[in-house]
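Trainee: Need a 3D model of the sequence below.
(one chain, ligands or ions: 1)
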Amino acid sequence: MILKVARLGHPVIRAQAHPVDPAKIAAPEFQRLIDDMVETMREYSGVGLAAPQVHLSLQIAVLEVDHHPRYPEMPSVPLTCLINPIVTVTDRAPVDEWEGCLSIPEMRGKVPRFRQLRVTALGRHGEPLDFIADEFHARVIQHETDHLKGEVYLDRMPDLKSLSHLLEWQRYALTPGK
Ligand code: NI
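Mentor: The predicted model follows:
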């Protein structure tokens, strides 16, 4: 089922999300929620979706990049579900790249993110995950885990001057031939 996406201004987008009780992960309702989040992310061509974006203040995020129309040159990221993620920055070198957000529709902004992270979390069946994410993968995880803290990419922009409406961005910010 495709879920309704909350936009910036809805209080759930600015709330600190609650940890998931690991004992509840196996429940059919919880598994259905993960399926619905994945379906919603794909429907709206997102590379990630956090539970607060579907009006649930829970520490859950899904991500997937597979020859994405918005980021065709970016390396693929397999479908991943992160429950109660903990992120440790392992390389603080800033990398600038454009971001958008399903909760801030039709906008793009240039956001600095850390280059590399270590991520520990529970997977969709409660299995422990522990991995290193680099570059664009690290960016998507920073964007989604910010949502779990009530933060959005605008908060990470040191300079709002790159903030662009999607149509103007396509016209002026994307290099020709891209
Ligand atoms: Ni977002």
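Trainee: what residues are up against Pro78?
Mentor: Listed by Cβ atoms under 8 Å, 6 or more residues apart in numbering, the contact set of Pro78 reads Glu64. For every residue, glycine as well, the C-beta is placed using N, CA and C.
Trainee: per-residue pLDDT, it?
Mentor: Note on Pro78: pLDDT of 92.
Trainee: And it, how far from Tyr172?
Mentor: 33 Å (Cβ to Cβ, to the nearest Å).
Trainee: what's the answer for Val87, then?
Mentor: 33 Å.
Trainee: of the two, who's got more company?
Mentor: Remark: of Val87 and Tyr172, Val87 carries more neighbours, 20 against 8, as counted by other Cβ atoms under 10 Å.
Trainee: so where do the helices sit in the protein?
Mentor: Counting by DSSP state H, the chain has these helices, from start to end: 28-43, 135-148, 166-172.
Trainee: Of those, give the one that comes closest to Ala17.
Mentor: Closest approach to Ala17 among those (Cβ to Cβ): helix 135-148, 4.4 Å.
Trainee: Need the contact partners of the closest one.
Mentor: 13, 16-17, 47-53, 59, 61, 63, 65, 71, 74-75, 77, 82, 85, 87, 95, 97, 99, 101, 103, 111, 113-117, 119, 133, 152-153, 155-156.
Trainee: got the buried residues for it?
Mentor: Buried residues in helix 135-148, counted by 16 or more other Cβ atoms under 10 Å: 136-148.
Trainee: Now tabulate those in JSON lines and tack on pLDDT and distance to Asp35.
Mentor: Formatted as JSON lines, the buried residues of helix 135-148 follow (pLDDT from 0 to 100; distance: Cβ to Cβ, whole Å):
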{"residue": "Phe136", "pLDDT": "94", "distance to Asp35": "25"}
{"residue": "His137", "pLDDT": "95", "distance to Asp35": "22"}
{"residue": "Ala138", "pLDDT": "97", "distance to Asp35": "26"}
{"residue": "Arg139", "pLDDT": "97", "distance to Asp35": "25"}
{"residue": "Val140", "pLDDT": "97", "distance to Asp35": "20"}
{"residue": "Ile141", "pLDDT": "98", "distance to Asp35": "21"}
{"residue": "Gln142", "pLDDT": "98", "distance to Asp35": "25"}
{"residue": "His143", "pLDDT": "98", "distance to Asp35": "22"}
{"residue": "Glu144", "pLDDT": "98", "distance to Asp35": "17"}
{"residue": "Thr145", "pLDDT": "98", "distance to Asp35": "21"}
{"residue": "Asp146", "pLDDT": "98", "distance to Asp35": "24"}
{"residue": "His147", "pLDDT": "98", "distance to Asp35": "19"}
{"residue": "Leu148", "pLDDT": "98", "distance to Asp35": "20"}
